[in-house]
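1. Build me a model:
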Amino acid sequence: MDLGRFLVEAVVVSGASPTELARSHPISRSWLFRLLARYKEGGYEALEPRSRRPKSCPRQTAPEIQQAIVDLRHELTNSGLDAGAQTIAHHLKLRFGTAPSRPTIWRILKANGLIEPQPHKRPKSSWIRFQAELPNEMWQADATHWQLADRTDVEILNLIDDHSRFCLASVAFRTVKAPDVLETFYSAAESYGYPAKFLTDNAAVFSGAPRKGRVVLESELDRLGIESKHSSPYHPQTCGKVERFHQTLKRFLQHQAPAESIPHLQLQLDTFCTYYNQQRPHRSVDGRTPFQAFQARLKARPALTTQPTQYRVRRDKLDSEGRVTVRYLGRLRHIYVSYKNKGHTVTLLVAGPHVRVVADDGSILRELQLDPTRNYQRIGQQGVSTMS
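-> From the prediction side, this is the model:
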């Protein structure tokens with residue numbers, strides 16, 4: 001029995017004096033008389049604690065705005081897109097011209113049971129966070145696995161700008177190979193410029209260090225004056241931005257119809273990148289879209305500003321003597337590569353007179369500067385260079 005009911009019964013049933021009860025208990029006479037008045041009006045039920053909520057609130061969010069917040073939450077979640085308070089506020093401004101604050105949106109979502117409790121997280125101040133100062137100061141690249149509708153395994157190669165989170169490329173392959181990485185890199189560079197640094201993990205298509213050599217990507221980056229950087233082994237946090245992009249992309253794909261083929265998957269990737277780059281506000285770039293952040297400042301450049309001329313990528317097969325041919329200055333040039341690799345398919349990377357012959361595993365079989373005076377190139381100091 002609570003104190004209020006006890007005091008009322010003492011007065012009504014026992015005939016005790018309200019003044020004496022107020023003196024002997026830590027209450028005021030006025031409060032006791034209010035209890036007695038409520039008892040006379042509604043009985044013991046009227047003694048239950050009453051809500052202190054005001055009957056009206058002029059600054060309360062309009063019902064149609066609250067309903068729009070709930071609808072947007074469901075709409076974005078069902079599409080596999082970010083549905084946080086900041087994103088909802090962005091869409092509300094587009095629809096109504098104004099939006100409540102993010103804490104208000106969060107409280108409305110919580111009141112409607114749309115906020116899931118999360119375990120205690122480390123404070124943001126405990127993380128050592130790095131972000132490039134300028135667009136194109138650093139690119140991050142990584143590949144992630146996915147499955148088609150028939151359970152076929154494929155890989156998605158993603159490139160993003162470290163400063164703006166702008167998605168530079170998202171391309172689907174059956175298996176990402178070293179030439180695929182280089183072609184994707186050059187395609188992105190042609191559209192957005194060359195970066196000053198290029199950050200990846202230690203996968204075989206990105207780094208030859210585990211095999212005590214170099215892959216074609218590293219060789220090309222060196223020639224372009226781009227600093228090649230790799231994360232520490234078993235430390236994905238170094239490439240955390242592209243790793244986080246993988247999660248956002250996969251959450252979107254999980255809410256789409258399973259792709260029947262790689263072209264179908266590529267269409268889904270292009271649709272997502274358009275929304276991600278140009279419509280979705282990003283919290284890490286002050287609520288701007290990645291496209292706005294990428295275009296807001298001058299771009300960084302590589303240490304060497306001269307770019308290759310007449311860049312070509314060609315697939316060919318070594319002949320029975322381990323040679324391959326390439327046309328330069330109107331004449332066919334015969335390049336000896338490796339007799340033990342005869343009949344193997346290779347990729348030729350030609351930038352003016354500079355030629356690289358690359359195996360399917362990304363190893364550089366030969367790298368040389370064409371001698372314009374000779375049709376059959378020598379195998380001197382610029383001869384075979386095979387990775388161990």
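2. Which parts of this protein belong to which domain?
-> 3-47, 63-111, 139-295, 311-369 (automatic domain parsing).
3. Let me know the pLDDT of the spatially most central residue of the chain.
-> What sits nearest the mean C-alpha location of the chain, by C-alpha atoms, centre = their mean, is Phe245, with 1.7 Å. pLDDT recorded at Phe245 is 95.
4. Now do the SS call for it.
-> Secondary structure for Phe245, judged by DSSP: H, G, I helix; E, B strand; the rest coil, is helix.
5. any idea how far it lies from Arg374?
-> 48 Å (C-beta to C-beta, to the nearest Å). Every C-beta, even on glycine, is put in place using the N, C-alpha and C of the backbone.
6. again with Ala351
-> Remark: distance between Ala351 and Arg374 (C-beta to C-beta) = 19 Å.
7. Show me the strands in the stretch 251-388 of the chain, by range?
-> 311-317, 323-328, 331-336, 345-351, 354-358, 364-369 (DSSP state E, counting those that start in this stretch).
8. Which residue, other than its chain neighbours, is closest to Gln377?
-> Once flanking residues are discounted, Gln377 sits nearest to Ile335: 5.0 Å by C-beta to C-beta, 6 or more residues apart in numbering.
9. right, and the one you found touches Val326 too?
-> Yes: using C-beta atoms under 8 Å, Ile335 makes contact with Val326 at a distance of 6.6 Å.
10. Between these two, which contacts overlap?
-> Val355 (C-beta atoms under 8 Å, 6 or more residues apart in numbering).
11. neighbour count winner among these two?
-> Between Ile335 and Val326, counted using other C-beta atoms under 10 Å, Ile335 has the larger neighbour count: 22 against 17.
12. in which helix or strand would I find Ala22?
-> Taking DSSP states H and E as the definition, Ala22 sits inside helix 18-24.
13. For Phe130, which of the domains of the chain is the nearest?
-> Among the domains of the chain, domain 139-295 comes nearest to Phe130, with 8.1 Å by C-beta to C-beta.
14. and that closest one, how far from the chain's centre?
-> Its chain's C-alpha centre and that of domain 139-295 lie 9 Å apart, by C-alpha atoms, centre = their mean, to the nearest Å.
15. and it, how far apart are its ends?
-> Terminal residues of domain 139-295 lie 15 Å apart, using C-alpha to C-alpha, to the nearest Å.
16. I'd say Phe272 and Ser170 touch.
-> Yes: if you go by C-beta under 8 Å, Phe272 and Ser170 touch, sitting 7.4 Å apart.
17. Overlap in contacts, these two.
-> Common contacts of Phe272 and Ser170 (C-beta under 8 Å, 6+ apart): Leu249.
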